[in-house]
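Enquirer: next come a sequence and a model predicted from it.
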Amino acid sequence: MAKAIGVDIGGTGIKAGIVDLTHGTMASDRVRVPTPEGASPQDVLTAVQTVLQKLEVADSTLPLGVAFPAIVKRGKTLSAANVSKEWLDFDAERFFRDGLQRNIIFVNDADAAGVAEARHGAARDVPGLTLMTTLGTGIGSSFLYNGVLVPNSELGHLNFREYDSVERWAATSARERENLTWVEWAGRLQEFYSHIEFLFSPDLFVVGGGVSKNADDFLPLLELRTPIVPAIHRNNSGIIGAASLAGD
Ligand code: BGC
């Protein structure tokens, strides 16, 4: 069985697992450590070393993919919305390769999640445009056209009303911070998804992030022309996608 390791660095937790690349499923338990306060590169590297030790793969030669909540172009992180500004214009792939003493690939977290759902999940064999969104600390997005990733869309940073980024108003973190009911939050999601539906006319929306396990509480409240479904791999999509890309 071909295997690889996926690490998904989020705003609150760093999660990792070994992935069965043939089936796109977890081949180990998921391990998690909290994201260090401030999320500086050095602290995040140390935390990733800890998850790899917990997974007992720190010395293995399995391919390793790391998903991160920023624009990632040719291994460099070019944005830093919910992490330390040290990540701006930072050669993250090289930093992790040197720090972990192994080859790695570094990728945007929502793009990784989208790849997992396109290859092995809710967007598998879907023709046309799938728009994956992840609802968490921020809002991540991933464009897949006939299963091919178009990387580094950043729909969570669309300007909206007085917000420079719609994620400040509509992400899971906004629901928690403002104690919104499902109905209230769904009202915000309605505006977000209607807007991006108008802009891009997708064929399918896939919704990931931790809250996808509560999909029944809010997805049925949305009225869209486009089908909208939860990510099959729920909050493991980032791990599975990062590992899949590392295994390519
Ligand atoms: C970041 C994206 C990321 C998303 C979800 C946003 O704030 O800009 O790169 O995909 O959060 O983590």
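Expert: Arrived safely, thanks for sending.

Enquirer: residues in contact with stretch 228-236?
Expert: 15, 17, 24, 26, 30, 113, 116-117, 120-122, 132, 134, 193, 204-210, 212-213, 215, 219, 222, 237, 240 (C-beta atoms under 8 Å, 6 or more residues apart in numbering). For every residue, glycine as well, the C-beta is placed using N, CA and C.

Enquirer: so which of those are in strands?
Expert: Within those, residues falling in strands by DSSP state E are 15, 17, 26, 132, 134, 204-208.

Enquirer: near the ligand, which residues of the chain?
Expert: When proximity is defined as C-beta under 6 Å from any ligand atom, the chain approaches the ligand at 69-71, 79, 81-82, 108-110, 134, 136, 138, 140, 154, 156-157, 167.

Enquirer: quick check: closest non-adjacent residue to Arg225.
Expert: Glu197 (6.6 Å; C-beta to C-beta, 6 or more residues apart in numbering).

Enquirer: is it true that that neighbour touches Leu222?
Expert: No. Glu197 is beyond contact range of Leu222, at 10.0 Å (criterion: C-beta atoms under 8 Å).

Enquirer: what's the neighbour count on the residue nearest to Arg225?
Expert: For Glu197, the number of neighbouring residues by other C-beta atoms under 10 Å comes to 16.

Enquirer: give the contact list for the residue lying closest to Phe90 once chain neighbours are set aside.
Expert: Leaving out its chain neighbours, the residue that sits closest to Phe90 by C-beta to C-beta, 6+ apart is Thr77, at 5.0 Å. Thr77 makes contact with 68, 70-71, 87-90, 92, 106, according to C-beta under 8 Å, 6+ apart.

Enquirer: redo that, cut-off 7 Å
Expert: 68, 70-71, 87, 90, 92 (C-beta atoms under 7 Å, 6 or more residues apart in numbering).

Enquirer: repeat for Ala47
Expert: 14, 33, 35-36.

Enquirer: the nearest residue to Leu158 once chain neighbours are set aside and Tyr193, how far apart?
Expert: Of all residues not flanking Leu158 in the chain, Val166 sits nearest, at 4.8 Å (C-beta to C-beta, 6+ apart). To Tyr193, Val166 is 11 Å away according to C-beta to C-beta, to the nearest Å.

Enquirer: what sits up against the longest helix along the chain?
Expert: When the chain is scanned for its longest helix (criterion: DSSP state H), the result is helix 182-200. Under the criterion C-beta under 7 Å, 6+ apart, residues 129, 131, 155, 166, 169-170, 175, 205, 217-218, 221-226, 228 lie in contact with helix 182-200.

Enquirer: state the mean pLDDT of that helix.
Expert: Average pLDDT, helix 182-200: 98.

Enquirer: what angle sits between it and strand 204-208?
Expert: 140 degrees (axes from the mean of the first three to the mean of the last three C-alpha atoms, to 10 degrees).

Enquirer: related to what we said a few turns ago, got the contacts of Thr77 as a markdown table, with neighbour count columns?
Expert: Putting the contacts of Thr77 into a markdown table (neighbours: other C-beta atoms under 10 Å) gives the following:
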| residue | neighbour count |
| --- | --- |
| Phe68 | 26 |
| Ala70 | 25 |
| Ile71 | 20 |
| Trp87 | 24 |
| Phe90 | 18 |
| Ala92 | 22 |
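
Enquirer: beta partners of Met26?
Expert: Val19 (DSSP bridges).

Enquirer: helices along the protein, start to end?
Expert: Going by DSSP H, the chain shows helices at 41-55, 92-100, 109-120, 167-170, 172-177, 182-200, 215-218, 237-247.

Enquirer: please save the CA atoms from stretch 83-94 in PDB.
Expert: Presented in PDB, the C-alpha positions along stretch 83-94 are these (Å, rounded to 0.1, in the frame of the first residue of the first chain):
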ATOM      1  CA  VAL A  83      -0.500  33.600  11.700                       C
ATOM      2  CA  SER A  84       2.600  35.500  12.500                       C
ATOM      3  CA  LYS A  85       3.700  38.200   9.900                       C
ATOM      4  CA  GLU A  86       7.000  36.400   9.800                       C
ATOM      5  CA  TRP A  87       5.400  34.100   7.200                       C
ATOM      6  CA  LEU A  88       5.100  36.900   4.700                       C
ATOM      7  CA  ASP A  89       7.400  36.200   1.700                       C
ATOM      8  CA  PHE A  90       9.000  33.300   3.600                       C
ATOM      9  CA  ASP A  91      10.600  30.300   2.100                       C
ATOM     10  CA  ALA A  92       8.600  27.900   4.200                       C
ATOM     11  CA  GLU A  93       9.300  24.800   2.100                       C
ATOM     12  CA  ARG A  94      13.000  25.200   2.500                       C
END
